[in-house]
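> Fold the following and give me the result.
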Amino acid sequence: MGKAQKTARRLIVHLGVQKTGSTGLQRHLQLNADALADRLILLTPEKGSPMRPLGRAAVAYSLAPAEKTARALEDALREVLVTLPDNDLPVLLSHENLAGAMPGNGGETALYPALPQITRIVRETAADFAVDFVIYTREMSNWKPSVWAQAVRTDGYARTLPDFLDETKALPAWDDLIARIENVIGAANIISVRLEDEPKDGHPGRLLLRHAGLPDAQIDALDPLDETANPRFNSGSTEFLRRLNEAALNPHARGKVVDLVARAQHLFTADTPSEGTL
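Presented below is the predicted three-dimensional model:
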């Protein structure tokens with residue numbers, strides 16, 4: 001009898017997208033990294049890790065899809081995969097920027113037009129793995145204002161929320177994005193999860209961990225996350241940064257101002273609490 005064929009190592013790729021709870025999910029994973037170490041290999045965008053360049057390469061490809069940016073994305077993913085320990089544990093890779101540029105970043109106004117091609121590049125580059133993808137969605141009426149606030153904060157977006165909503169009024173529903181991905185990699189390889197279906201029990205990413213093979217009892221035993229991750233700036237702080245963005249300040253200097261605003265939001269409003277948490 002011949003040797004049994006070795007099963008390919010599993011690679012679960014969490015694509016985000018931005019403003020669907022990815023930061024809290026990743027913090028929860030890192031908080032419990034030791035407890036998960038014998039069950040999952042975790043890859044999140046930690047400072048100094050090759051995951052950071054991977055996210056930047058995906059955004060760059062999405063804004064300018066071409067042979068050069070595609071090769072850069074492939075190379076960035078290989079730099080991540082080469083760091084994996086030599087064992088058979090499933091790998092959970094989580095990076096919201098793998099989805100590409102969100103609306104408001106770099107002039108993007110569509111709903112992740114390059115994401116189907118990004119999933120194809122990832123799957124082909126990780127051909128030795130059994131790859132599947134998980135994408136979180138969020139109700140559009142809540143998602144768009146949160147994306148706008150994040151674009152103002154991190155991407156230098158300078159237009160108002162009504163302007164942003166007008167720019168993105170033609171965005172299709174999430175089903176359209178999922179269908180476009182399925183057309184490229186097949187329906188069996190993409191899992192769509194609604195953020196609203198996540199239990200609010202201190203264990204963000206429960207549905208992702210279930211997909212990775214962890215039973216609820218093991219997830220319940222993990223340390224809960226007891227803080228709000230990546231809270232949205234209050235309205236006064238966001239408006240201050242939006243107007244600052246109109247001045248086209250040097251990016252380094254602007255980053256310093258954003259850090260100051262993050263630490264002193266009370267200076268921009270005395271009465272209004274932070275609007276939302278995502």
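> Quick test: name the residue nearest the centre of the protein.
Centroid-nearest residue in the chain: Glu96, 1.2 Å away (criterion: CA atoms, centre = their mean).
> give me the low-pLDDT residue ranges for the stretch 101-250 of the chain?
Scanning the stretch 101-250 of the chain for pLDDT under 70 picks out 227-230.
> for it, what spans make up the strands?
Here the stretch 101-250 of the chain has its strands, by DSSP state E, counting those that start in this stretch, at 129-137, 190-194.
> Of all the ones you listed, which one is nearest Pro204?
Closest to Pro204 of the strands of the stretch 101-250 of the chain, according to CB to CB: strand 129-137, at 10.1 Å. Heads up, the C-betas are built off the backbone N, CA and C, glycines and all.
> Sheet partners, orientation included, of the closest one?
With DSSP bridges as the test, strand 129-137 is paired with strand 9-14 (parallel), strand 190-194 (parallel).
> relative to strand 9-14, how tilted is the helix or strand following the longest one?
Downstream of strand 9-14, the next assigned helix or strand under DSSP states H and E is helix 22-31. Helix 22-31 and strand 9-14 meet at an angle of 140 degrees, taking axes from the mean of the first three to the mean of the last three CA atoms, to 10 degrees as the criterion.
> name the helices or strands packed onto helix 22-31?
The contact analysis (3 or more CB pairs under 8 Å, 6 or more residues apart in numbering; DSSP states H and E) places helix 22-31 against strand 91-94.
> Adjacent strands (with direction) for the strand it packs on?
Counting by DSSP bridges, strand 91-94 is paired with strand 9-14 (parallel), strand 41-43 (parallel).
> Now do the buried residues in whichever helix or strand comes after the last one.
Just to be clear, that refers to strand 41-43. Of the helices and strands lying after strand 41-43 in sequence (DSSP H and E), the nearest is helix 51-63. In terms of neighbour count (16 or more other CB atoms under 10 Å), helix 51-63 has its buried residues at 51-55, 57-62.
> for those, which one is nearest Leu40?
Met51 (15.2 Å).
> what sits against that closest one?
Contacts for Met51 were tallied using CB atoms under 8 Å, 6 or more residues apart in numbering; they are 43-45, 80, 93, 95.
> please redo it, this time with the cut-off set to 6 Å
By CB atoms under 6 Å, 6 or more residues apart in numbering, Met51 lies in contact with 43, 45, 95.
> The first one: neighbour count?
Meaning Leu43. 25 (other CB atoms under 10 Å).
> ok, now the last one?
A count of nearby residues for His95, using other CB under 10 Å, gives 21.
> Just the pLDDT at it, thanks.
Predicted confidence (pLDDT) for His95: 97.
> May I see the buried residues of helix 51-63 arranged in CSV, with pLDDT as well?
Formatted as CSV, these follow (pLDDT from 0 to 100):
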residue, pLDDT
Met51, 97
Arg52, 97
Pro53, 98
Leu54, 98
Gly55, 97
Ala57, 98
Ala58, 98
Val59, 97
Ala60, 98
Tyr61, 98
Ser62, 98
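> TSV please, covering the residues you listed and showing distance to Pro145.
What follows is those, written out as TSV (distance: CB to CB, whole Å):
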residue	distance to Pro145
Met51	28
Arg52	27
Pro53	30
Leu54	28
Gly55	23
Ala57	28
Ala58	24
Val59	21
Ala60	26
Tyr61	27
Ser62	22
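> coming back round to it: do you know which of the strands of the stretch 101-250 of the chain lies nearest Leu177?
Taking CB to CB, strand 129-137 is the member of those nearest to Leu177, at 7.9 Å.
> Measure how far that closest one is from the centre of its chain, please.
Centroid separation for strand 129-137 versus its chain: 12 Å, with CA atoms, centre = their mean, to the nearest Å.
> what's the answer for stretch 130-140, then?
Distance, centroid of stretch 130-140 to centroid of chain: 10 Å (CA atoms, centre = their mean).
> CA-only coordinates of it in PDB, if you can.
Extracted in PDB, the C-alpha atoms of stretch 130-140 (Å, rounded to 0.1, in the frame of the first residue of the first chain):
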ATOM      1  CA  ALA A 130      -5.400  24.600   2.900                       C
ATOM      2  CA  VAL A 131      -6.600  28.300   2.800                       C
ATOM      3  CA  ASP A 132      -9.900  29.700   3.700                       C
ATOM      4  CA  PHE A 133     -11.000  33.300   4.300                       C
ATOM      5  CA  VAL A 134     -13.200  34.900   7.000                       C
ATOM      6  CA  ILE A 135     -14.700  38.300   6.400                       C
ATOM      7  CA  TYR A 136     -16.700  40.300   9.000                       C
ATOM      8  CA  THR A 137     -19.400  42.700   7.800                       C
ATOM      9  CA  ARG A 138     -21.400  45.300   9.700                       C
ATOM     10  CA  GLU A 139     -24.800  47.000   9.100                       C
ATOM     11  CA  MET A 140     -24.000  49.700   6.500                       C
END
